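Engineer: Take this sequence and fold it.
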Amino acid sequence: MWKDTPQYLGELLIWEIEDYLIAQSQRPERAKVAFIRLADAWGAASIAAELDNGGSFYSAAKRADALGMTLPGDMFGTVTREQMPHVFTAVPGTTFPPMPDGDGWVIVRLVAFES
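Structural biologist: Okay, the predicted model is just below:
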């Protein structure tokens, strides 16, 4: 199984590039995203640093929750171009820096565009 990993990762990268190219030509209006909702700027900076150092989005979200740093809310959702236009200029797999969100902060990861 492991000997095929590089080929699989190459195919995954091609799919992400294809999604990006489709998004640029067809201009989808919706995207699937993952969220890490954090209570304060310090927690957001801490989790962002972990992600910048190559940490897994899911592991970072799980750690933040275990440490009581998160706010309630769904981890996955759909956003529109009107809500988050910057998401639509990225490649699926992109994780964005923390942004203020209501009473806390949110880190968003683009999962895929919806056609």
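
Engineer: Please name the residues that touch F35.
Structural biologist: Shown in contact with F35 (Cβ atoms under 8 Å, 6 or more residues apart in numbering): G73, D74, M75, F76, G77, V106, I107, V108, R109. Every residue, glycine included, has its C-beta placed from N, CA and C.

Engineer: which residue ranges form the strands in this structure?
Structural biologist: For the chain, the strands defined by DSSP state E occupy 30-38, 76-80, 99-101, 104-114.

Engineer: If any of the contacts of F35 are buried, give me the PyMOL selection for them.
Structural biologist: Of these, the buried ones go into a single PyMOL selection, burial set by 16 or more other Cβ atoms under 10 Å:
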select buried, resi 75+106+107+108+109
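
Engineer: returning to what we had before: need the strands of the chain in JSON lines with mean pLDDT and distance to A48, can you?
Structural biologist: JSON lines is the format used below for the strands of the chain (pLDDT from 0 to 100; distance: least, Cβ to Cβ, whole Å):
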{"stretch": "strand 30-38", "mean pLDDT": "95", "distance to A48": "9"}
{"stretch": "strand 76-80", "mean pLDDT": "95", "distance to A48": "19"}
{"stretch": "strand 99-101", "mean pLDDT": "95", "distance to A48": "10"}
{"stretch": "strand 104-114", "mean pLDDT": "93", "distance to A48": "6"}
